[in-house]
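Asks: I'd like to go over a predicted model; first the sequence, then the structure.
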Amino acid sequence: MVVLSENLRPQMGDAAVRAKVQQELGELLREVNSAVADYEQLRMIVVAQEPWSIENGMLTPTMKIRRSRIEAEFDAQLTHWYTSQGPVHWA
């Protein structure tokens, strides 16, 4: 799961920009997977719609990721992501 950069997030309404980001993330995933063993490979990249922050409960006050909160937030979509085709999914 990734969070897009601050300057890129406002452009996600543009279909061309979104398609380019999806293509580049797919290429990145293939590049990463080609450099690691089969059991280390990533199956997909999921793009979060909003940045993780202290305010939305995804980060602690010391900027650590709250994994249990993130897992709870996206648990319902997990099965869909694993059964869908394609290397990049949008949360």
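Replies: Good, I have the coordinates. Bear in mind that the values here come from a model prediction, so they are computed numbers and not experimental data. Residues are numbered from 1 along each chain as shown.

Asks: what about the strands in the chain?
Replies: Counting by DSSP state E, the chain has strands at residues 2-3, 45-48, 88-90.

Asks: Which stretch among these approaches Lys64 most closely?
Replies: strand 2-3 (14.7 Å; Cβ to Cβ). Using the backbone N, CA and C atoms, a C-beta is placed for each residue, glycine as well.

Asks: quick one on the thing from earlier: would you format the strands of the chain as a markdown table with distance to Leu25 included?
Replies: Below are the strands of the chain laid out as a markdown table (distance: least, Cβ to Cβ, whole Å):
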| stretch | distance to Leu25 |
| --- | --- |
| strand 2-3 | 7 |
| strand 45-48 | 5 |
| strand 88-90 | 5 |
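
Asks: Please identify the buried residues of stretch 31-48?
Replies: Neighbour counts over stretch 31-48 (16 or more other Cβ atoms under 10 Å) mark 44-45, 47-48 as buried.

Asks: Give me the residues contacting the longest helix along the chain.
Replies: Ordering each helix of the chain by length in residues (DSSP state H) puts helix 15-34 first. The contact list for helix 15-34, computed with Cβ atoms under 8 Å, 6 or more residues apart in numbering, reads 2, 4, 8, 11-12, 41-42, 44-45, 47, 86-88.

Asks: Can you give me the neighbour number for Trp52?
Replies: Applying other Cβ atoms under 10 Å, we find 18 residues neighbouring Trp52.

Asks: which residues touch it?
Replies: 3, 58-59, 65, 70.

Asks: Against Ser68, how distant is it?
Replies: 13 Å (Cβ to Cβ, to the nearest Å).

Asks: shared neighbours, those two?
Replies: By Cβ under 8 Å, 6+ apart, no residue touches both Trp52 and Ser68.

Asks: Using PDB, list the CA coordinates for stretch 77-91.
Replies: Backbone C-alpha positions of stretch 77-91 (Å, rounded to 0.1, in the frame of the first residue of the first chain) are rendered in PDB as follows:
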ATOM      1  CA  GLN A  77     -11.500  -4.600   0.200                       C
ATOM      2  CA  LEU A  78      -8.700  -7.100   0.600                       C
ATOM      3  CA  THR A  79     -10.500 -10.100  -0.900                       C
ATOM      4  CA  HIS A  80     -11.500  -8.000  -4.000                       C
ATOM      5  CA  TRP A  81      -7.900  -6.900  -4.500                       C
ATOM      6  CA  TYR A  82      -6.600 -10.400  -4.400                       C
ATOM      7  CA  THR A  83      -9.200 -11.700  -6.800                       C
ATOM      8  CA  SER A  84      -9.000  -8.800  -9.300                       C
ATOM      9  CA  GLN A  85      -6.600  -8.800 -12.200                       C
ATOM     10  CA  GLY A  86      -3.900  -6.100 -12.600                       C
ATOM     11  CA  PRO A  87      -0.900  -5.000 -10.600                       C
ATOM     12  CA  VAL A  88      -2.300  -1.700  -9.300                       C
ATOM     13  CA  HIS A  89      -5.500  -1.100  -7.300                       C
ATOM     14  CA  TRP A  90      -7.000   2.100  -6.000                       C
ATOM     15  CA  ALA A  91      -8.400   2.100  -2.400                       C
END
